[in-house]
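# build me a model:
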Amino acid sequence: MIVMYVDAVTQKKLPNPRTSSYDTLAEARKDPLIMAKLHFFMAVSRTFTTFLTKYQTDEPVMPFISKDLVILMKSLLKRFIKAELLNDITALQMVKLDTTAKEARANLKDVDIGLGEEVVLKELQSSPNSSVGELSVLEFRKDYMDCLTNIVKKMQDKSPLKYTIVRQMACLDPRNMFSDPNLCYERMKGVVQRFLHDHQLSGGVSAGGEHPGAGCGGKVQTIEPEEGVRRGPASSLTNPLERRSREESRGGRHASRGVSPYRQR
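The predicted structure is shown next:
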(Lines give C-alpha, C1' and ligand atoms only; values in the text may rest on other atoms or scores of the structure.)
Protein backbone atom coordinates (compact mmCIF):
# COMPACT_ATOMS: atom_id res chain seq x y z
CA MET A 1 0.00 0.00 0.00
CA ILE A 2 2.83 2.40 0.79
CA VAL A 3 4.48 1.67 -2.57
CA MET A 4 1.21 2.25 -4.39
CA TYR A 5 0.67 5.52 -2.52
CA VAL A 6 4.17 6.81 -3.32
CA ASP A 7 3.75 5.82 -6.97
CA ALA A 8 0.40 7.60 -7.12
CA VAL A 9 1.92 10.80 -5.72
CA THR A 10 4.85 10.53 -8.12
CA GLN A 11 2.43 10.18 -11.06
CA LYS A 12 0.47 13.18 -9.66
CA LYS A 13 -2.65 11.11 -9.18
CA LEU A 14 -2.65 12.23 -5.53
CA PRO A 15 -1.42 15.50 -4.01
CA ASN A 16 2.04 15.64 -2.46
CA PRO A 17 1.68 15.96 1.35
CA ARG A 18 5.07 17.71 1.54
CA THR A 19 6.07 16.21 4.88
CA SER A 20 9.38 14.82 6.07
CA SER A 21 7.79 11.39 6.57
CA TYR A 22 6.67 11.26 2.96
CA ASP A 23 10.07 12.46 1.75
CA THR A 24 11.70 9.58 3.65
CA LEU A 25 9.33 7.08 2.04
CA ALA A 26 9.91 8.56 -1.39
CA GLU A 27 13.70 8.24 -1.02
CA ALA A 28 13.34 4.66 0.20
CA ARG A 29 11.12 3.87 -2.79
CA LYS A 30 13.97 4.89 -5.11
CA ASP A 31 16.48 2.62 -3.35
CA PRO A 32 16.67 -0.74 -5.19
CA LEU A 33 18.14 -2.38 -2.06
CA ILE A 34 15.44 -1.19 0.35
CA MET A 35 13.91 -4.67 0.78
CA ALA A 36 17.27 -6.20 1.67
CA LYS A 37 17.89 -3.40 4.19
CA LEU A 38 14.47 -3.94 5.79
CA HIS A 39 15.22 -7.65 6.14
CA PHE A 40 18.47 -6.72 7.88
CA PHE A 41 16.74 -4.45 10.40
CA MET A 42 14.10 -7.09 11.12
CA ALA A 43 16.77 -9.74 11.72
CA VAL A 44 18.65 -7.52 14.17
CA SER A 45 15.46 -6.56 16.03
CA ARG A 46 14.50 -10.23 16.41
CA THR A 47 17.94 -10.95 17.85
CA PHE A 48 17.45 -8.38 20.61
CA THR A 49 13.74 -8.95 21.27
CA THR A 50 14.16 -12.18 23.26
CA PHE A 51 16.84 -10.71 25.51
CA LEU A 52 15.01 -7.44 26.15
CA THR A 53 11.73 -9.22 26.89
CA LYS A 54 13.39 -11.61 29.35
CA TYR A 55 15.26 -8.96 31.33
CA GLN A 56 12.56 -6.29 31.58
CA THR A 57 11.41 -7.83 34.83
CA ASP A 58 11.61 -7.42 38.59
CA GLU A 59 12.61 -11.06 39.10
CA PRO A 60 16.15 -11.87 40.35
CA VAL A 61 17.81 -12.68 37.01
CA MET A 62 21.27 -11.31 37.80
CA PRO A 63 22.99 -14.75 37.82
CA PHE A 64 21.88 -15.40 34.23
CA ILE A 65 22.53 -12.06 32.52
CA SER A 66 26.24 -12.60 31.84
CA LYS A 67 25.69 -15.84 29.94
CA ASP A 68 22.79 -14.46 27.92
CA LEU A 69 24.74 -11.30 27.08
CA VAL A 70 27.63 -13.40 25.82
CA ILE A 71 25.26 -15.42 23.62
CA LEU A 72 23.62 -12.24 22.28
CA MET A 73 26.89 -10.49 21.48
CA LYS A 74 28.44 -13.61 19.99
CA SER A 75 25.45 -14.10 17.68
CA LEU A 76 26.18 -10.66 16.19
CA LEU A 77 29.96 -11.02 16.09
CA LYS A 78 29.93 -14.33 14.24
CA ARG A 79 28.21 -12.60 11.32
CA PHE A 80 31.27 -10.54 10.39
CA ILE A 81 34.20 -11.57 12.63
CA LYS A 82 36.51 -14.46 11.78
CA ALA A 83 35.41 -17.72 13.40
CA GLU A 84 38.85 -18.58 14.82
CA LEU A 85 38.77 -15.46 17.00
CA LEU A 86 35.46 -16.45 18.60
CA ASN A 87 36.12 -20.12 19.36
CA ASP A 88 37.58 -19.77 22.88
CA ILE A 89 36.88 -16.10 23.53
CA THR A 90 35.92 -15.11 27.08
CA ALA A 91 33.30 -12.57 28.11
CA LEU A 92 35.93 -9.96 29.00
CA GLN A 93 37.82 -10.51 25.74
CA MET A 94 34.58 -10.14 23.83
CA VAL A 95 33.92 -6.76 25.41
CA LYS A 96 37.44 -5.57 24.53
CA LEU A 97 37.47 -6.98 20.99
CA ASP A 98 38.29 -4.38 18.34
CA THR A 99 35.68 -5.01 15.64
CA THR A 100 37.14 -2.31 13.38
CA ALA A 101 40.45 -4.11 12.93
CA LYS A 102 40.87 -5.50 9.42
CA GLU A 103 42.62 -8.64 10.67
CA ALA A 104 39.57 -9.49 12.79
CA ARG A 105 36.93 -8.96 10.10
CA ALA A 106 35.83 -11.62 7.65
CA ASN A 107 35.94 -11.08 3.89
CA LEU A 108 32.97 -9.25 2.43
CA LYS A 109 31.82 -12.34 0.55
CA ASP A 110 31.96 -14.38 3.78
CA VAL A 111 29.81 -11.97 5.80
CA ASP A 112 26.61 -13.64 7.02
CA ILE A 113 23.89 -11.22 5.94
CA GLY A 114 21.04 -13.64 6.65
CA LEU A 115 18.81 -15.86 4.52
CA GLY A 116 16.20 -13.17 3.82
CA GLU A 117 18.78 -10.71 2.53
CA GLU A 118 20.47 -13.39 0.40
CA VAL A 119 17.18 -14.31 -1.29
CA VAL A 120 16.29 -10.68 -2.01
CA LEU A 121 19.73 -9.90 -3.45
CA LYS A 122 19.67 -12.95 -5.72
CA GLU A 123 16.22 -11.98 -6.99
CA LEU A 124 17.38 -8.44 -7.71
CA GLN A 125 20.50 -9.64 -9.51
CA SER A 126 18.56 -12.10 -11.65
CA SER A 127 15.93 -9.51 -12.65
CA PRO A 128 16.54 -8.25 -16.22
CA ASN A 129 15.52 -4.66 -15.44
CA SER A 130 17.38 -4.43 -12.14
CA SER A 131 20.26 -2.02 -11.62
CA VAL A 132 21.71 -4.18 -8.81
CA GLY A 133 25.02 -5.71 -9.81
CA GLU A 134 27.95 -7.34 -8.06
CA LEU A 135 29.38 -3.99 -7.02
CA SER A 136 26.08 -2.94 -5.42
CA VAL A 137 25.95 -6.20 -3.46
CA LEU A 138 29.50 -5.71 -2.16
CA GLU A 139 28.64 -2.15 -1.09
CA PHE A 140 25.58 -3.50 0.71
CA ARG A 141 27.71 -6.07 2.52
CA LYS A 142 30.16 -3.38 3.56
CA ASP A 143 27.35 -1.15 4.89
CA TYR A 144 25.93 -4.21 6.65
CA MET A 145 29.30 -4.85 8.35
CA ASP A 146 29.71 -1.19 9.35
CA CYS A 147 26.22 -1.11 10.86
CA LEU A 148 26.86 -4.27 12.89
CA THR A 149 30.18 -2.81 14.03
CA ASN A 150 28.42 0.27 15.40
CA ILE A 151 25.79 -1.86 17.14
CA VAL A 152 28.40 -4.10 18.78
CA LYS A 153 30.52 -1.08 19.75
CA LYS A 154 27.54 0.44 21.57
CA MET A 155 26.94 -2.89 23.33
CA GLN A 156 30.58 -3.07 24.38
CA ASP A 157 30.51 0.46 25.80
CA LYS A 158 27.32 -0.12 27.80
CA SER A 159 27.71 -3.81 28.59
CA PRO A 160 27.78 -4.84 32.29
CA LEU A 161 30.17 -7.63 31.28
CA LYS A 162 32.96 -5.11 31.85
CA TYR A 163 32.42 -5.48 35.59
CA THR A 164 33.98 -8.42 37.40
CA ILE A 165 31.10 -8.77 39.86
CA VAL A 166 28.62 -9.35 37.01
CA ARG A 167 30.70 -12.19 35.59
CA GLN A 168 31.24 -13.68 39.05
CA MET A 169 27.52 -13.64 39.86
CA ALA A 170 27.12 -16.44 37.32
CA CYS A 171 28.21 -18.76 40.16
CA LEU A 172 24.61 -18.61 41.42
CA ASP A 173 23.31 -20.13 38.19
CA PRO A 174 22.26 -23.72 39.06
CA ARG A 175 23.50 -24.92 35.67
CA ASN A 176 27.00 -23.65 36.44
CA MET A 177 26.86 -25.11 39.95
CA PHE A 178 26.20 -28.54 38.47
CA SER A 179 28.64 -28.37 35.55
CA ASP A 180 31.62 -26.73 37.29
CA PRO A 181 31.23 -26.48 41.10
CA ASN A 182 34.91 -25.63 41.66
CA LEU A 183 34.74 -22.61 39.37
CA CYS A 184 31.53 -21.47 41.07
CA TYR A 185 33.24 -21.77 44.46
CA GLU A 186 36.10 -19.53 43.33
CA ARG A 187 33.70 -17.02 41.84
CA MET A 188 31.63 -16.98 45.01
CA LYS A 189 34.73 -16.17 47.02
CA GLY A 190 35.34 -13.28 44.68
CA VAL A 191 31.79 -12.00 45.20
CA VAL A 192 32.19 -12.12 48.99
CA GLN A 193 35.55 -10.36 48.80
CA ARG A 194 34.05 -7.61 46.67
CA PHE A 195 31.18 -7.10 49.11
CA LEU A 196 33.53 -7.00 52.08
CA HIS A 197 35.86 -4.57 50.37
CA ASP A 198 32.94 -2.22 49.57
CA HIS A 199 31.42 -2.66 53.07
CA GLN A 200 28.25 -4.09 51.53
CA LEU A 201 28.15 -7.28 53.61
CA SER A 202 26.49 -6.73 56.98
CA GLY A 203 26.29 -9.10 59.96
CA GLY A 204 29.80 -10.53 59.70
CA VAL A 205 30.61 -14.16 59.06
CA SER A 206 30.61 -17.33 61.09
CA ALA A 207 33.36 -17.56 63.69
CA GLY A 208 35.93 -20.33 63.67
CA GLY A 209 37.09 -20.21 60.05
CA GLU A 210 39.33 -18.16 57.85
CA HIS A 211 37.30 -15.70 55.80
CA PRO A 212 38.01 -15.49 52.04
CA GLY A 213 37.92 -11.67 52.28
CA ALA A 214 40.59 -11.43 54.96
CA GLY A 215 43.25 -10.65 52.42
CA CYS A 216 41.51 -7.73 50.70
CA GLY A 217 41.86 -5.17 53.43
CA GLY A 218 38.34 -5.46 54.73
CA LYS A 219 37.81 -5.85 58.44
CA VAL A 220 36.53 -9.32 59.14
CA GLN A 221 33.91 -9.49 61.87
CA THR A 222 32.87 -12.62 63.68
CA ILE A 223 29.54 -13.36 65.25
CA GLU A 224 29.90 -13.95 68.98
CA PRO A 225 27.28 -16.02 70.83
CA GLU A 226 24.61 -14.03 72.57
CA GLU A 227 24.56 -13.81 76.35
CA GLY A 228 22.98 -16.89 77.88
CA VAL A 229 23.61 -19.13 74.87
CA ARG A 230 25.86 -22.11 75.53
CA ARG A 231 28.77 -22.42 73.07
CA GLY A 232 29.66 -25.91 71.93
CA PRO A 233 29.32 -28.14 68.89
CA ALA A 234 27.06 -26.73 66.18
CA SER A 235 24.39 -29.35 66.83
CA SER A 236 24.28 -28.70 70.63
CA LEU A 237 23.77 -24.92 70.76
CA THR A 238 20.76 -24.12 72.93
CA ASN A 239 19.03 -20.91 73.85
CA PRO A 240 17.57 -19.97 77.30
CA LEU A 241 14.02 -21.02 76.32
CA GLU A 242 15.14 -24.50 75.33
CA ARG A 243 17.16 -24.86 78.54
CA ARG A 244 14.21 -23.78 80.69
CA SER A 245 11.92 -26.21 78.89
CA ARG A 246 14.34 -29.04 79.59
CA GLU A 247 14.63 -28.09 83.28
CA GLU A 248 10.82 -28.05 83.63
CA SER A 249 10.55 -31.44 81.97
CA ARG A 250 13.17 -32.81 84.36
CA GLY A 251 11.28 -31.22 87.28
CA GLY A 252 8.12 -33.02 86.19
CA ARG A 253 9.91 -36.36 86.20
CA HIS A 254 11.36 -35.71 89.69
CA ALA A 255 7.93 -34.72 91.01
CA SER A 256 6.44 -37.97 89.77
CA ARG A 257 9.06 -39.79 91.82
CA GLY A 258 8.41 -37.68 94.95
CA VAL A 259 11.71 -35.88 94.70
CA SER A 260 11.93 -32.09 94.57
CA PRO A 261 14.04 -30.87 91.64
CA TYR A 262 15.14 -27.85 93.75
CA ARG A 263 16.15 -29.66 96.92
CA GLN A 264 18.99 -28.18 98.91
CA ARG A 265 22.30 -29.90 98.71
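# skipping its backbone neighbours, what lies nearest Met188 in space?
For Met188, ignoring the flanking residues on the chain, the nearest one in space by C-beta to C-beta, 6 or more residues apart in numbering is Cys171 at 4.7 Å. In this view, the C-beta of every residue, glycine as well, is placed from N, C-alpha and C.
# the one you found: neighbour count?
Applying other C-beta atoms under 10 Å, we find 20 other residues in the vicinity of Cys171.
# in the host helix or strand of Gln125, which residues are buried?
Using DSSP states H and E, Gln125 sits within helix 115-126. The neighbour-count criterion (16 or more other C-beta atoms under 10 Å) identifies 117, 120-121, 124 as the buried residues of helix 115-126.
# for the residue nearest to Met188, give me the pLDDT.
Cys171 carries a pLDDT score of 92 in this model.
# now do the helix holding Gln125: which elements does it pack against?
When contacts are defined as 3 or more C-beta pairs under 8 Å, 6 or more residues apart in numbering; DSSP states H and E, helix 115-126 sits against helix 34-55, helix 134-158.
# how far off helix 134-158 does the first one point, in degrees?
Same thing as helix 34-55. Orientation note: helix 34-55 sits at an angle of 20 degrees relative to helix 134-158 (axes from the mean of the first three to the mean of the last three C-alpha atoms, to 10 degrees).
# any idea how far Asp180 is from Met188?
From Met188 across to Asp180, the span is 12 Å (C-beta to C-beta, to the nearest Å).
# just Leu33 next, same as before
The gap separating Leu33 from Asp180 is 46 Å, by C-beta to C-beta.
# likewise Met62?
To Asp180, Met62 is 19 Å away according to C-beta to C-beta.
# now Gly190
If you measure Gly190 against Asp180 using C-beta to C-beta, the figure is 15 Å.
# who's more crowded, these two?
Counting neighbours by other C-beta under 10 Å for Gly190 and for Asp180 shows that Gly190 has the greater number, 19 against 13.
# surely the more buried one and Arg167 touch.
No. If you go by C-beta atoms under 8 Å, Gly190 and Arg167 don't touch, sitting 9.1 Å apart.
# burial count for Asp157?
Other residues near Asp157 number 9, with proximity taken as other C-beta under 10 Å.
# shaky segments in this structure?
By pLDDT under 70, the weakly predicted segments of the chain are 203-265.
# helices of that one, start to end?
2-10, 20-30, 34-55, 62-77, 91-96, 115-126, 134-158, 164-168, 174-179, 181-197, 240-256 (DSSP state H).
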